[in-house]
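J.: Let me see the structure of the following:
(one chain, ligands or ions: 1)
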Amino acid sequence: MRKPIIAGNWKMNKTADEALTFIDEVKNNIPANSAVDSVVGSPALFLQGLAEATKGTELKISAQNCYFENAGAFTGENSPAAIADLGVQYVIIGHSERREFFHETDEDVNKKAKAIIANGMTPIVCCGETLEQREAGETEDWIKGQVENALDGLTEEQVANLVVAYEPIWAIGTGKSSSATDADETCFVVRKTIADKFGADTANKVRIQYGGSVKPENIKEYMAQENIDGALVGGASLEPKSFLALLEAVK
Ligand SMILES: O=C(CO)COP(=O)(O)O
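T.: Below you'll find the model as predicted:
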């Protein structure tokens, strides 16, 4: 039985005060005995404050990116070792916005996944196709390639413990969410790719999220699908009320 995981991705939003206010409101209102892993993906600037504010609570903090070296002459980058040292437990990698605007490649994602795991954190590995790829019938091959490349060289155990987020690019921030059955079909492609490379047992354990215009109103449809174990949520994770409603809908 895979434990559902709902992760907010704030992207480049909020000030430090706003971030802390959100966390204060949410951390004490998480559904009791929650059967859901609740994660907030914050800009790097607030990770320290949020990790401190959530210590000992059910709410976990995620970074939105990191570098793949632990230290050195890499001006402007954030070390996975330093992020882990703050008490941060997850790092989102390979988000389509990082791939598009910051030229992150599958190879980078793979190196980052290894560095995050080596530092005791959990990668949330994103994949997803463009509208052109979907319309050309290329989704399956594209997702398979992204997943194979991102996870290359990891052990079965490492893969079983990470999270993959399937986010069709055309559904991100557009309000045009994928149908639950289409999303499930592609999440199955992710699971099958993992089964072929790392075995059925690993594929049964790995948690796969859907992301793209998920809201409190539609999250239940996704969670009812066989291959969807959670959601990676942008816009609807920004307000405490809406984030808590997502958790309530899933618990
Ligand atoms: O990119 C996303 C989460 O990483 C999805 O964003 P929206 O939920 O705003 O569509």
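J.: Name the SS class of the nearest residue to Glu107 once chain neighbours are set aside, please.
T.: Counting by CB to CB, 6 or more residues apart in numbering, Glu107 lies nearest to Asn149, which is 7.1 Å off, once chain neighbours are set aside. Bear in mind the C-beta positions are built from the backbone N, C-alpha and C, glycine included. For Asn149, the assignment made with DSSP: H, G, I helix; E, B strand; the rest coil gives helix.
J.: Asn149 against Val109, yeah?
T.: Yes. Taking CB atoms under 8 Å as the definition, Asn149 is a contact partner of Val109 at 7.3 Å.
J.: which non-adjacent residue is nearest Gly120?
T.: Excluding its sequence neighbours, the residue lying closest to Gly120 (CB to CB, 6+ apart) is Ala84, at 5.6 Å.
J.: Tell me the residues of the stretch 51-200 of the chain that contact the ligand?
T.: Applying CB under 6 Å from any ligand atom, one finds that the stretch 51-200 of the chain approaches the ligand through 95, 167, 172-173.
J.: Could you tell me how far the residue nearest to Glu107 is located from Glu129?
T.: Distance, Asn149 to Glu129, by CB to CB, to the nearest Å: 14 Å.
J.: Between those two, tell me which one has more neighbours.
T.: Applying other CB atoms under 10 Å to Asn149 and Glu129 shows that Glu129 carries more neighbours, namely 23 against 15.
J.: Quick one: mean pLDDT for the helix or strand Thr202 falls within?
T.: Assessed by DSSP states H and E, Thr202 sits inside helix 200-205. Helix 200-205 carries an average pLDDT of 98.
J.: does the nearest residue to Cys127 once chain neighbours are set aside sit in a helix, a strand or a coil?
T.: Sequence neighbours aside, Gln146 is the residue nearest to Cys127 in space, at 4.1 Å (criterion: CB to CB, 6+ apart). Of the three states, Gln146 takes helix under three-state DSSP.
J.: thinking Gln146 is in contact with Thr105, fair?
T.: No. Using CB under 8 Å, Gln146 is not in contact with Thr105; the gap is 10.4 Å.
J.: Tell me who's in contact with Tyr166.
T.: By CB atoms under 8 Å, 6 or more residues apart in numbering, the contact set of Tyr166 is 126-128, 143, 183, 186-187, 190, 208-211.
J.: now swap in Pro216 and tell me
T.: By CB under 8 Å, 6+ apart, the contact list for Pro216 reads 236, 242, 245-246, 248-249.
J.: Give the buried residues for the helix holding Thr202.
T.: 202-203, 205 (16 or more other CB atoms under 10 Å).
J.: Please state the offset of it from the chain centre?
T.: Taking CA atoms, centre = their mean, to the nearest Å, one finds helix 200-205 lying 19 Å from the centre of the chain it belongs to.
J.: who's in contact with it?
T.: 2, 156-157, 159-161, 191-192, 194-195.
J.: same deal with stretch 49-60?
T.: 16, 19-20, 23-24, 26-28, 30, 34, 37-40, 42, 61, 86-90.
J.: In which helix or strand does Glu25 reside?
T.: Glu25 belongs to helix 16-27, assigned by DSSP H and E.
J.: Let me know the next secondary structure element after that helix.
T.: Next along the chain after helix 16-27, taking DSSP H and E as the criterion, comes strand 37-42.
J.: So what angle separates the directions of that next one and helix 16-27?
T.: Computed with axes from the mean of the first three to the mean of the last three CA atoms, to 10 degrees, the direction of strand 37-42 lies at 170 degrees from that of helix 16-27.
J.: correct me, but Lys215 touches Ala236?
T.: Yes. Counting by CB under 8 Å, Lys215 does reach Ala236; the two are 4.6 Å apart.
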